[in-house]
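S.K.: A structural model of the following input is requested.
(2 chains)
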Protein chains: 2
Amino acid sequence: MSILVVGTVAFDTVETPFGRADRILGGSATYAALAARHLGVPVLLSAVVGADFPEAHIEALRARGVDTEGLVRDPDGETFFWAGRYHYDLNTRDTLATHLNVLATFRPDLPAAYRRPAVVCLGNLDPTIQLDVIRQTSNDGHRPLVIADTMNFWIEQMRDALLETLAHVDVLLVNDSEARELAGVPNLVAAARRIRSMGPQTVIIKKGEHGALLFCGDDVFSAPAYPLEDVTDPTGAGDTFLGGFAGHLVRSGATDPRTLDPSVYRQAVVTGSVLASCVVEAFGPAKLLDLPPAEVVARMEAFRRLSVVPEPVTVA
Amino acid sequence: MSILVVGTVAFDTVETPFGRADRILGGSATYAALAARHLGVPVLLSAVVGADFPEAHIEALRARGVDTEGLVRDPDGETFFWAGRYHYDLNTRDTLATHLNVLATFRPDLPAAYRRPAVVCLGNLDPTIQLDVIRQTSNDGHRPLVIADTMNFWIEQMRDALLETLAHVDVLLVNDSEARELAGVPNLVAAARRIRSMGPQTVIIKKGEHGALLFCGDDVFSAPAYPLEDVTDPTGAGDTFLGGFAGHLVRSGATDPRTLDPSVYRQAVVTGSVLASCVVEAFGPAKLLDLPPAEVVARMEAFRRLSVVPEPVTVA
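M.R.: Numbering: from 1, shown residues only, chains lettered A, B, ... in the order given. Prediction:
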């Protein structure tokens, strides 16, 4: 069982109050693919880069076991570039530059070996491209579990296309402000309910430093964020969450949308949260490229302890 | 073992996008005292009201077992009045009016029976009054566990007095923006560490709809907020948390600041969170005045399930 990750592979320039990194490896698919590999499952990458993208970055992904057959190089353009500056509290950021470059004309045409994945992870992309990928991977009775991310830009600019795509999505990941905007209600519980009526059986609302809420079947799970004292670079935390979440589902064999097991989904949220808490400790995906399993295991255990309520509490 | 609650007893006028309530019973001490009574422990109330305060409200507190010997009536003035309007998402509010009235000159002079409580709960008040109450209750070798709330007004306007008081506080409750402002750092883990260096051994950072963080000894506990779909009036949630938290400590006999048991503190945070999640479902303290124990027990159990991680998660 494999995971297909579709998203961006990019150059990022990141400024925080504490440092800066120029034109480092970035992109939603980079983070999600590397995170999923930490679960030891096959990962297929579909994305585009330009003539300027160094072979060494591709080699780094391959060395971590990411299948890059679907990573297309467009020789006529430059790689997608994003630059952003984080505010003092690292909870908000300004986008300083978004150069789509080769991404502007990219339409994935999946290799034959990519067309029957167990899970499709759709990074934040034009919803019409997301839907096209769902169609390319749904064939001969095969239907993958579809996990998608989106953002305010698509909610505001392409709402109809997004709604059409959402009808084919099993798990939607959004942050809290996007959930409110997509649903049109301020309360997050009500927002999750409305979003689930649009298609996704499962909704995960990411709240940054406040953790995440999982709505899955009748189950509601509130996952804390791991309380870090030194966050270096929040870029890619959501994509890392996506990859870790998907990786856990595949590793657990829980990829049939008709037989939801909320326990496995809770574990998958914790896995995504833990990997995200690791990645923000360095600029770019550096930690994902070099993260000892023992460190992940230790943080997983610390994460579990974080929200344990010691024993039934009684009231008069 | 009793809890002394010092704070305000007030008239509140509350507007939300969904309704309005005029001159209802309010005040930090009202919420905290009623919440603590749900733990079945003795509660002593110290506050002031004016000539206009109806005897029926006092009778309602007494009927719930609150000792009102320390509730002073100042015949020369009107009761403290607060009016506020909540924004669409209920996370922020504008204060429309604050009439201190009799509160402006109130200096608690505790009855003899109030001077040896096991726990002192200091609602958000002038820090010099908070310190005076600590002094009145520390005598003949007796030293209560001191739990205090504060707010941005005192942090900004009376920082030196607040710091002097904090040196005598065992548990400080603040919201996330207040924690950042008091500590002067944006990261909440770092902020909690700095605040603990100011005196309080234990710091609880309240994050509204995102739950609370408890820093107690070496333990860090992340408590979710109970995900409510219909919040009617957030007023008093923090004070209810304070009373429920203190009530659980007294009920558990865990009031010696020298022998901190993080497990009991975790339970106390859950107790406070659960009672706070109940109170916001109606305007004012109505739910606290009429809350069946079975409802609290059921929510306590639902709250516990909210953040359970099913079993150790493994990573490749």
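S.K.: neighbours of the residue of the stretch 1-150 of chain A at minimum distance from chain B, how many?
M.R.: Per CB to the nearest CB, A:G40 is where the stretch 1-150 of chain A lies closest to chain B, at 2.8 Å. (C-beta placed from N, C-alpha, C; glycine too.) Neighbours of A:G40 under the rule other CB atoms under 10 Å in any protein chain shown: 15.
S.K.: which residue ranges of the stretch 101-250 of chain A form helices?
M.R.: Using DSSP state H, counting those that start in this stretch, the helices of the stretch 101-250 of chain A run over A:127-136, A:152-157, A:159-166, A:176-183, A:188-196, A:237-251.
S.K.: wait, which of those helices is closest to B:C121?
M.R.: helix A:188-196 (30.3 Å; CB to CB).
S.K.: could you check the closest one against chain B for contacts?
M.R.: Yes - with CB under 8 Å from any CB of the partner chain as the criterion, chain B is reached by helix A:188-196 at A:188-190, A:193.
S.K.: re the thing from before, hang on, the residue of the stretch 1-150 of chain A closest to chain B packs against A:V250?
M.R.: No - judged on CB atoms under 8 Å, A:G40 makes no contact with A:V250 at a distance of 9.3 Å.
S.K.: if we can go back for a sec, take the residues of helix A:188-196 next to chain B and write them to a markdown table, including neighbour count.
M.R.: Output for those, formatted as a markdown table (neighbours: other CB atoms under 10 Å in any protein chain shown):
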| residue | neighbour count |
| --- | --- |
| A:L188 | 24 |
| A:V189 | 18 |
| A:A190 | 18 |
| A:R193 | 15 |
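S.K.: as JSON lines, these with pLDDT would be great.
M.R.: Below are these laid out as JSON lines (pLDDT from 0 to 100):
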{"residue": "A:L188", "pLDDT": "94"}
{"residue": "A:V189", "pLDDT": "95"}
{"residue": "A:A190", "pLDDT": "95"}
{"residue": "A:R193", "pLDDT": "97"}
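S.K.: and of the residues you listed, the nearest to A:R304?
M.R.: Top of the list for closeness to A:R304, among the residues of helix A:188-196 next to chain B and by CB to CB, is A:L188 at 23.7 Å.
S.K.: show me the contacts for that closest one.
M.R.: By CB atoms under 8 Å, 6 or more residues apart in numbering or on different chains, the contact list for A:L188 reads A:176, A:179-180, A:205, A:213, B:209, B:227.
S.K.: so among those, which ones count as buried?
M.R.: Buried residues within those, defined by neighbour count using 16 or more other CB atoms under 10 Å in any protein chain shown: A:176, A:179-180, A:205, A:213, B:209, B:227.
S.K.: and which of the residues you listed is nearest A:A298?
M.R.: When the buried ones among the contacts of A:L188 are compared for distance to A:A298 (CB to CB), A:L213 wins out at 25.3 Å.
S.K.: that closest one against A:A192, yeah?
M.R.: Yes - contact criterion CB under 8 Å: A:L213 and A:A192 qualify, at 7.1 Å.
S.K.: which residues touch the nearest residue to A:L288 once chain neighbours are set aside?
M.R.: Computed as CB to CB, 6 or more residues apart in numbering or on different chains, the closest residue to A:L288 that is not its neighbour in sequence is A:L34, at 4.0 Å. Applying CB under 8 Å, 6+ apart to A:L34 gives the contacts A:61, A:64, A:66, A:240, A:243, A:285, A:288-289.
S.K.: one more time with 10 Å
M.R.: A:5, A:25, A:43, A:45, A:60-61, A:64-66, A:236, A:239-240, A:243-244, A:275, A:279, A:285, A:287-289, A:291 (CB atoms under 10 Å, 6 or more residues apart in numbering or on different chains).
S.K.: how about A:T150?
M.R.: Here A:T150 is in contact with A:122-127, A:130, A:158, A:162, A:165-166, A:169, A:172-175, A:178, A:182 (CB under 10 Å, 6+ apart).
S.K.: closest to chain B among the residues of helix A:188-196 next to chain B?
M.R.: Taking CB to the nearest CB as the measure, chain B sits nearest to A:V189 out of the residues of helix A:188-196 next to chain B, at 4.2 Å.
S.K.: name the SS class of A:A298, please.
M.R.: Three-state assignment for A:A298 (DSSP: H, G, I helix; E, B strand; the rest coil): helix.
S.K.: same question, the one 5 residues further on
M.R.: The local conformation at A:F303, judged by three-state DSSP, is helix.
S.K.: for it, grab the count of nearby residues.
M.R.: Neighbour count for A:F303, taken as other CB under 10 Å: 22.
S.K.: wait, A:P111 touches A:G70, no?
M.R.: Yes - using CB atoms under 10 Å, A:P111 makes contact with A:G70 at a distance of 5.5 Å.
S.K.: look at the two and report which has more neighbours.
M.R.: Comparing A:P111 with A:G70 by other CB under 10 Å, the one with more neighbours is A:G70, at 20 against 13.
S.K.: which of the helices or strands spans the nearest residue to the more buried one once chain neighbours are set aside?
M.R.: Nearest non-adjacent residue to A:G70, counting by CB to CB, 6+ apart: A:S46, 3.9 Å away. For A:S46, the host element (DSSP states H and E) is strand A:43-50.
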